[in-house]
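# how would this look folded up:
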Amino acid sequence: VLATSPNQIYYSIVNYPQPVNIDPVQGIITTQRTLDYELASNYTIHILAQDNQDPPLMSFARLEILVEDVNDSPPQFPVSKYEGQVAENSRIGSSVIEVKADDPDRGENGMVSYTFKESYKSFELNSKRGLITTKKIFDREETGRYTLIVEARDHGDPPKSSSCIVDVIISDQNDNRPVFEQTVYNASVHEDASRGTNILEVSAVDDDIGNNAVVNYFITAGNTRAAFAINKDLGQIVVASSLDRETQDYYQLKIRALDGKNSGTAVVNIHVKDANDNTPVFTNTTYVAKVYENQPAGSYVTTLSASDKDLGLGGAFLFSISGQGKDAFDIDPNTGIVTTIKPLDREAKGRYDFLAFATDNPNAEPGSRRTGSCDVVVWIRDVNDKRPHFPDDVYEGTVKENQSPGARVMVLSAVDQDDPNENGKIGRAHV
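Numbering: from 1, shown residues only. The predicted model follows:
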């Protein structure tokens, strides 16, 4: 600055402090520190000029200093890392996230453009807005996360830039069905298994995540008489009601895994194993047979038959007899054929009544065997092996004289121990 006076003039700044100094003699103004346009774009300086008289003469001037901007500030993102999200299967061009950087410079120096630091085939970046959009349809199960680097560059000369990271999360949609680890499961259970007995556990995998991957299990077919139940959360199949192999020995369950929208299916084959829960049953509740007396030991009497619905040793059985039958008869334990063990005498005993038994699981402990029974009646048929005889050795009769021929003197009778209906039937003798 310059003031005129015939006397010596001295210069000073009135509104001190300021970022500039003034030479008190020459009036030259210089900066005392680096000026920052972004902190202050202008300064108003009040300058005093006074001479060396007493009292001095004074004059004031106002100096406006305008700070010119230079490209000294790079664009700045408010955060160093962004996280965007887009749902899988979203259409091409869907918005992911918009990033924005601020540059405090003015004009071209403060204008910002956005670019990717690398080439990304799946995303597009609007250079003016910083908006990231999709260039393809995503499948979260293929790739669930992408990391992008975005650069913000100003238009200064030379330009300044900065970068940020953008994590793009591909959010899940329920677009995958549950898939069972096996399409066919095979299991077995004994028919005497109690309710709640665990048979097997099925499992299905859903490639989705979160609630979309939560699977519930159901039995949809083949569960005759509600024989089984499945835990809808764990997939455990258990016995739900009494089983009977003899009624149904095989179940084919169809099971379904549902994630709320999609479902998968599998088949569970369950074979019911036999338990010794059936007693041998004779074909007849009572067998009636006849055999002639005096037959040699080993003579055939009758054949007993029985059946057992169980399998294996539980369905195998042996025959036996008890009581008075043992005194006269024998039974083949395998065939059920009844034979005599001695010659029989009808006159001594004409009828035998006894029980026959069929006992299964012959090699097991007695407590695990089951026994069925029937009645057997054997009649001893007569053979004419006894002579008739008179009860008395001497008989005496009387007759009146002068009776005409043919008059009855007495009646003689004899006794025969054979069957009176067969060989023991005799007539009377009239004298």
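
# C-alpha only now, for contacts and for neighbours.
OK.

# now the helices for the stretch 251-400 of the chain?
Ranges of helices within the stretch 251-400 of the chain are 325-328, based on DSSP state H, counting those that start in this stretch.

# Flag the shaky bits of it, pLDDT-wise.
Within the stretch 251-400 of the chain, the set of residues satisfying pLDDT under 70 comprises 367, 384-387, 389-390, 392.

# one more time with 80
Along the stretch 251-400 of the chain, the model assigns pLDDT under 80 to residues 363-368, 383-400.

# Tell me where it has strands.
Assignment of strands within the stretch 251-400 of the chain using DSSP state E, counting those that start in this stretch yields the ranges 263-273, 281-282, 286-292, 300-303, 306-307, 317-321, 329-331, 337-340, 351-360, 371-381.

# With mean neighbour count and distance to A49 added, can I get those strands in JSON lines?
Converted to JSON lines, the strands of the stretch 251-400 of the chain look like this (neighbours: other C-alpha atoms under 10 Å; distance: least, C-alpha to C-alpha, whole Å):
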{"stretch": "strand 263-273", "mean neighbour count": "19", "distance to A49": "93"}
{"stretch": "strand 281-282", "mean neighbour count": "20", "distance to A49": "138"}
{"stretch": "strand 286-292", "mean neighbour count": "16", "distance to A49": "149"}
{"stretch": "strand 300-303", "mean neighbour count": "17", "distance to A49": "151"}
{"stretch": "strand 306-307", "mean neighbour count": "18", "distance to A49": "138"}
{"stretch": "strand 317-321", "mean neighbour count": "22", "distance to A49": "138"}
{"stretch": "strand 329-331", "mean neighbour count": "22", "distance to A49": "151"}
{"stretch": "strand 337-340", "mean neighbour count": "20", "distance to A49": "151"}
{"stretch": "strand 351-360", "mean neighbour count": "20", "distance to A49": "135"}
{"stretch": "strand 371-381", "mean neighbour count": "19", "distance to A49": "137"}
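
# possible to save those as a markdown table with distance to Y16?
Below are the strands of the stretch 251-400 of the chain laid out as a markdown table (distance: least, C-alpha to C-alpha, whole Å):
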| stretch | distance to Y16 |
| --- | --- |
| strand 263-273 | 81 |
| strand 281-282 | 125 |
| strand 286-292 | 136 |
| strand 300-303 | 138 |
| strand 306-307 | 124 |
| strand 317-321 | 124 |
| strand 329-331 | 137 |
| strand 337-340 | 138 |
| strand 351-360 | 121 |
| strand 371-381 | 123 |
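
# Please identify which of those strands is closest to S242.
strand 263-273 (11.3 Å; C-alpha to C-alpha).

# Quick check: buried residues in the one helix or strand A152 maps to?
Following DSSP states H and E, one finds A152 within strand 145-154. Of the residues in strand 145-154, those scored as buried under the neighbour-count criterion (16 or more other C-alpha atoms under 10 Å) are 148-154.
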